[in-house]
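S.K.: give me the fold of what follows.
(chains A and B)
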Amino acid sequence: MPTLWLVASLLLLAVAGFVVGRQRALSTAGGDAKELHSLPSYYGHNVAFTTLVPALGALAIWLLVQPMFIESRVSKMIPDEMAPDRPTLGLVMSDVRRVAEGLDIAVARGALSADDARSLRTEFTDVRGRLGEVGVALGADVRPEVLRAAQRYRVMSKTGNRMMGIVIGVLAIVGFAWSYMQTHKDFRARNVVEKGVLSLLILAASLAILTTIGIVLSMFFETINFFKLHNASDFFLGGTWAPNFRGDSELSILPLLWGTLYISFIALLVAVPVGLFAAIYLSEYANNAVRSFAKPLLEILAGIPTIVYGLFALLTVGPLLVNTFGKGGALGVEWMAGATSVLTAGVVMGIMLIPFVSSLSDDIINAVPQSMRDGSLGLGATKSETIRQVVMPAALPGIVGAILLAASRAIGETMIVVMGAGAIAKFSANPLESMTTITTRIVSQLTGDTDFASPETLVAFALGLTLFVLTLGLNVLALYIVRKYREQYE
Amino acid sequence: MNDMQFTDRAVEQKETKIAAKDVNVHYGEAHAIKDVNVEIEDKTVTAFIGPSGCGKSTFLRCLNRMNDTIDVCSVTGNILLDGEDIYDKRVDPVQLRAKVGMVFQKPNPFPKSIYDNVAYGPRIHGLAKSKAELDEIVESALRRGAIWEEVKDRLDKPGTGLSGGQQQRLCIARAVATEPEVLLMDEPCSALDPIATAQVEELIDELRERYSVVIVTHSMQQAARVSQKTAFFHLGTLVEFGHTGQIFTNPEDPRTEAYITGRIG
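M.R.: Here you go, the predicted model:
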């Protein structure tokens, strides 16, 4: 709440800064805006931004740092025998926070005076009962150490908040005053605002990049933890995926990688011809009327949530395949035991990828200059000869790029394989058997009770990182190919 | 430049290759070509001149039915090639285009090797029975395109890597390789520098020995230099058609005179 007030007053100060900055600029120019270096509003913006930006930046950093700082200080008050390892300490600290919160609420409701809250002792008061009265339920009786830590926690965050208010306020006022003093008719406010806009844009761009780096790093460290507990050569080179909780799990990525690649391969086998032919029809043969409704219709496929595709696999495609290849099926063979199989997931995933391939290929085919087609038609080639021999070769690198992007999408797909492919990790060339993929194993290793100290859980991060590297590689390759293609016509 | 010495040019009568009668072209609502009648002779260079948007390119594209590829375009009237109506239902536009080749404004080599560019037409029309025969066709086409000497050592390099003028001569060689009877050229030099232009113009003059060449050009000097017959188009109508020497020195229509002397256009 105090933070909200702080931000509100900062905004108010910024608005005031805008008004007075503008006025001061005008008055130094004797009221004639033409005398100013920049438009009057630039001076206003300059004051407003100088007031706001450093203060808000400092606020953000403060809000991140303060809890960490207090936590580390308070956790030293917890005796070692109460919290022998880090996870237990985490539990105790969350107790401390709850008690501190409870005391805050009790004070706010008037059930305790501020002095009482500070001097409360478990030896004399039933803290759990008192807090229960104001609606803060605690699981166990409050230990004296926890109560003392909670009281310390309250005091520290109170001082912290007060200091934060002061520092941020001073920063804002200094910024305000400094930029106000600078405001003069010759001051180049326009250039300063321009730089401000530039840094704002850079900030936004680097935020996205930093997040990516953060994601990779968080996976990376957990992966290192995993390899401390589990043999790397078993992970990369072993042949069995069999997690258990006895501590001798075999956790090899190879069977999962095989399933992933096999399913993706079948998906591409479906998506590439269909998508490509659809793109050729839409870009080369269809007239405007057909294109204007067929293209959006095809792209609707891309908007269907993958869980719905999963249902389609489970309820329609799977049974259909069983009715064909299963016992008592149309072919009279008994090749397929259940509805979940590599083929089920692959076909449905292929359908999901059709708009991906067709839409990208369509753009790429359209980018082939009309003069290429004219040249070929002018030599007496038919339309399909032109497409086969001139348009496709010219568009091929781009289409390969599109296919690689589709492939990386297929490799990362989760929901369809969870529902369509089954959960058995094995090497098999039979597409009618169920198999499993990297993504589904990540899901199953991280759902339910998880213990982040066991290799069975941490393996998910190693799998995730491998998957990330795989799809990143494919994307980079795709981008490289697409870029190389672009150079040909520009 | 001796480009104004054309009065003494050979003007003997030759047989008619293409005859257009009452040709009208509509682009949707717009009436692009109005009642054009013209007879194009064999083994002659015919130039179409006129201000931008006068319909000369549109008319040129009618001669090999390239306008068929544009949905909204409709052509009426008769265009006879050797006495046969090319807009007749029985005529296959694809085969027609093999007989009536076309070179475009911007050089448009395919992103293939130089050899494959030239071999493209002969391959799709099955003109060569063997690899050796195809090699021969490619070489003679490149020789006729006056580019053989420059590319004979790098036939397997991409055609897009050549300079603009070389690319255009490659495109001419490519068109020649299918043994057309008529060669249509839509402003073939507009994207080229003066030296490349001179080379292409020289080439056009040589091509006249074997083909009927129709060239659309914005440059009146070029029309005067390379053509024997000139047609002047204005606002979709054929204003005047005659011997190049006569059109440039003694035009009958005041509009032709106005265009040639630079007052309209």
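
S.K.: okay, the residue in the stretch 151-265 of chain B that chain A sits nearest to: pLDDT?
M.R.: Taking C-beta to the nearest C-beta as the measure, the stretch 151-265 of chain B has residue B:178 as its residue closest to chain A, at 5.7 Å. Quick note: C-beta positions are derived from backbone N, CA and C, even for glycine. Note on residue B:178: pLDDT of 91.

S.K.: what's the answer for the one 3 residues further on, then?
M.R.: At residue B:181, the predicted lDDT confidence score is 91.

S.K.: burial count for it?
M.R.: Burial measure for residue B:181: 16 neighbouring residues, criterion other C-beta atoms under 10 Å in any protein chain shown.

S.K.: tell me the phi and psi of it?
M.R.: Main-chain dihedrals, residue B:181, degrees, to the nearest 10: phi -100, psi -30.

S.K.: for it, what are its contacts?
M.R.: Applying C-beta atoms under 8 Å, 6 or more residues apart in numbering or on different chains to residue B:181 gives the contacts B:17, B:81, B:82, B:99, B:100, B:211, B:212.

S.K.: restrict the residues you listed to contacts with chain A.
M.R.: Under the cut-off given by C-beta under 8 Å from any C-beta of the partner chain, chain A has residue B:99 from the contacts of residue B:181 close to it.

S.K.: how about the nearest residue to the residue of the stretch 151-265 of chain B closest to chain A, chain neighbours excluded?
M.R.: The shortest distance from residue B:178 to any non-neighbouring residue, by C-beta to C-beta, 6 or more residues apart in numbering or on different chains, is to residue B:121 (3.5 Å).

S.K.: pretty sure the one you found sits in a helix.
M.R.: Yes. With DSSP: H, G, I helix; E, B strand; the rest coil as the criterion, residue B:121 is part of a helix.

S.K.: and the helices in chain B?
M.R.: In order along the chain, chain B carries the following helices (DSSP state H): B:56-62, B:93-99, B:114-124, B:131-144, B:148-151, B:164-176, B:194-207, B:220-226, B:244-249, B:254-260.

S.K.: list, one by one, the residues from the stretch 1-150 of chain B near chain A.
M.R.: Residues of the stretch 1-150 of chain B found near chain A, taking C-beta under 8 Å from any C-beta as the criterion, are B:64, B:66, B:69, B:71, B:94-99, B:101-104, B:106, B:108-112, B:120-121, B:124-125.

S.K.: which residues does residue B:155 contact?
M.R.: Residue B:155 sits next to B:113, B:114, B:115, B:138 when contact means C-beta under 8 Å, 6+ apart.

S.K.: let me fix that: residue A:298
M.R.: A:278, A:282, A:354, A:355, A:358, A:359.

S.K.: look at residue A:486 and report its pLDDT.
M.R.: According to the prediction, residue A:486 has pLDDT 61.

S.K.: and the contacts of stretch A:75-93?
M.R.: For stretch A:75-93, with C-beta under 8 Å, 6+ apart as the criterion, the contacting residues are A:71, A:74, A:96, A:143, A:145, A:146, A:148, A:149, A:152, A:453.

S.K.: next, format those as TSV and append secondary structure and neighbour count.
M.R.: Supplementary listing: these in TSV, determined by DSSP: H, G, I helix; E, B strand; the rest coil; neighbours: other C-beta atoms under 10 Å in any protein chain shown:
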residue	secondary structure	neighbour count
A:71	helix	17
A:74	helix	23
A:96	helix	27
A:143	coil	18
A:145	helix	16
A:146	helix	25
A:148	helix	19
A:149	helix	24
A:152	helix	18
A:453	coil	12
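
S.K.: ok, and the closest non-adjacent residue to the residue in chain A that chain B sits nearest to?
M.R.: Across chain A, the shortest distance to chain B (C-beta to the nearest C-beta) belongs to residue A:380, at 3.1 Å. Distances taken as C-beta to C-beta, 6+ apart put residue B:98 closest to residue A:380, at 3.1 Å, once the chain neighbours are dropped.

S.K.: quick check: that neighbour touching residue B:122?
M.R.: No. Proximity of residue B:98 to residue B:122 does not meet the contact threshold set by C-beta atoms under 8 Å, at 10.1 Å.

S.K.: overlap in contacts of these two?
M.R.: Common contacts of residue B:98 and residue B:122, defined by C-beta under 8 Å, 6+ apart, comprise residue B:178.

S.K.: in the chain, what spans have low per-residue confidence?
M.R.: This is for chain A. Screening chain A residue by residue with the criterion pLDDT under 70, one finds the ranges A:1, A:122-124, A:139-140, A:485-490.

S.K.: my question was about chain B
M.R.: Within chain B, the ranges that satisfy pLDDT under 70 run B:1-13, B:264-265.

S.K.: hmm, try it at 80
M.R.: Under the criterion of pLDDT under 80, the regions of chain B flagged as low confidence span B:1-14, B:263-265.

S.K.: I'd like to know which of the contacts of residue A:298 is nearest to residue B:39.
M.R.: residue A:282 (42.9 Å; C-beta to C-beta).

S.K.: what is the burial count for the nearest residue to residue A:319 once chain neighbours are set aside?
M.R.: For residue A:319, ignoring the flanking residues on the chain, the nearest one in space by C-beta to C-beta, 6+ apart is residue A:339 at 5.5 Å. Number of residues near residue A:339 (other C-beta under 10 Å) recorded here: 22.

S.K.: and the gap between residue A:339 and residue A:424?
M.R.: Relative to residue A:424, residue A:339 is positioned 14 Å away (criterion: C-beta to C-beta, to the nearest Å).

S.K.: swap in residue A:306?
M.R.: In terms of C-beta to C-beta, residue A:306 sits 21 Å off from residue A:424.

S.K.: give me the more crowded residue out of those two.
M.R.: Counted by other C-beta under 10 Å, residue A:306 and residue A:424 do not tie: residue A:306 has more neighbours, with 17 against 14.

S.K.: list the residues that contact residue A:133.
M.R.: Residue A:133 makes contact with residue A:111, according to C-beta under 8 Å, 6+ apart.

S.K.: so which residue of the stretch 1-150 of chain B comes closest to chain A?
M.R.: For the stretch 1-150 of chain B, the residue positioned closest to chain A under C-beta to the nearest C-beta is residue B:98, at a distance of 3.1 Å.

S.K.: circling back to that earlier point, contact partners for the residue nearest to residue A:380?
M.R.: Applying C-beta under 8 Å, 6+ apart, one finds that residue B:98 lies in contact with A:379, A:380, B:121, B:125, B:178, B:180.

S.K.: my read: the fifth one touches residue B:101, true?
M.R.: Meaning residue B:178. Yes. Shown here, residue B:178 and residue B:101 form a contact pair, counting by C-beta under 8 Å, at 6.2 Å.
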